[in-house]
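Colleague: quick one, fold the following:
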Amino acid sequence: SDVTVIFCIIDKFDEIGKALEATEVVELLNIMFSKFDTLCDVHDIYKVETVGQVYLAASGCPERRMRNVKNAADMALAMVGSMGEIKEEARALIGDKEVLQNLKIKVGIQSGPVVGGVIGRSSPRFKLIGDTVNTASRMEST
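Modeller: Below is the predicted model of the structure:
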C-alpha cells in the first residue's frame, strides 16, 4: 500500500535566520511546527520529523489509511492556509519584524512506496526512506 508524503520547507529560511536572533528563530519554528502538529491531529497525519526548516509528515504510515492522499492534500492546504495565523502569533511574540511579513512555506506531496524504520541507538528516530520522499522534497521546490 502506498504512503503519501508531505514535505514542507520554510521559504528563504537563511534570510530569516540572518534577520532574527537565534532565540527568535527557535520561537518562530515552535509556533509554526506546533501549528502543523495540531493540523496533523486534525487530518490524521503522522509527523515523521522536523530538521531545521523542514517539516516531514506522512499519511498511510505507520498505520495504513484508506484516504491517505485526500488527508495529505487537505493537510498541505491547511498548512498554507494557516500562515496568516502563524504570522500574527509570531508578530505578537517576536515583534513586527519586516522578515515576518514575507514568511512563506513551500509544500510538496507525493504518493508511493517507502521504507520506514527506526534508525540509531542513541536517540533512535523513525525515518522514511525512498524515492517517494525524495520526490515530495523536489515537488516543494517547483
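
Colleague: now do the helices in the chain.
Modeller: Here the chain has its helices, by DSSP state H, at 13-19, 22-43, 68-81, 83-94, 98-101, 131-140.

Colleague: residue 123: which of those is closest?
Modeller: Relative to residue 123, the nearest member of those by CB to CB is helix 22-43, separated by 18.0 Å. Where you see a C-beta, it was placed from the backbone N, CA and C, and this is true even at glycine.

Colleague: now for the residue positioned nearest the centre of the chain: which residues touch it?
Modeller: With distances taken as CA atoms, centre = their mean, the residue of the chain nearest its centroid is residue 55 (2.6 Å). Contact analysis of residue 55 by CB atoms under 8 Å, 6 or more residues apart in numbering lists 6, 7, 8, 9, 32, 33, 36, 47.

Colleague: rerun that using 6 Å as the cut-off
Modeller: Contact analysis of residue 55 by CB atoms under 6 Å, 6 or more residues apart in numbering lists 8, 33, 36.

Colleague: from residue 122, how far off is the second one?
Modeller: Noted for residue 33: a distance of 23 Å to residue 122, by CB to CB, to the nearest Å.

Colleague: so for those two, which sits in the more crowded spot?
Modeller: residue 33 (17 against 4; other CB atoms under 10 Å).

Colleague: low-confidence ranges in this protein?
Modeller: 1, 129-142 (pLDDT under 70).

Colleague: fine by me, we can end here.
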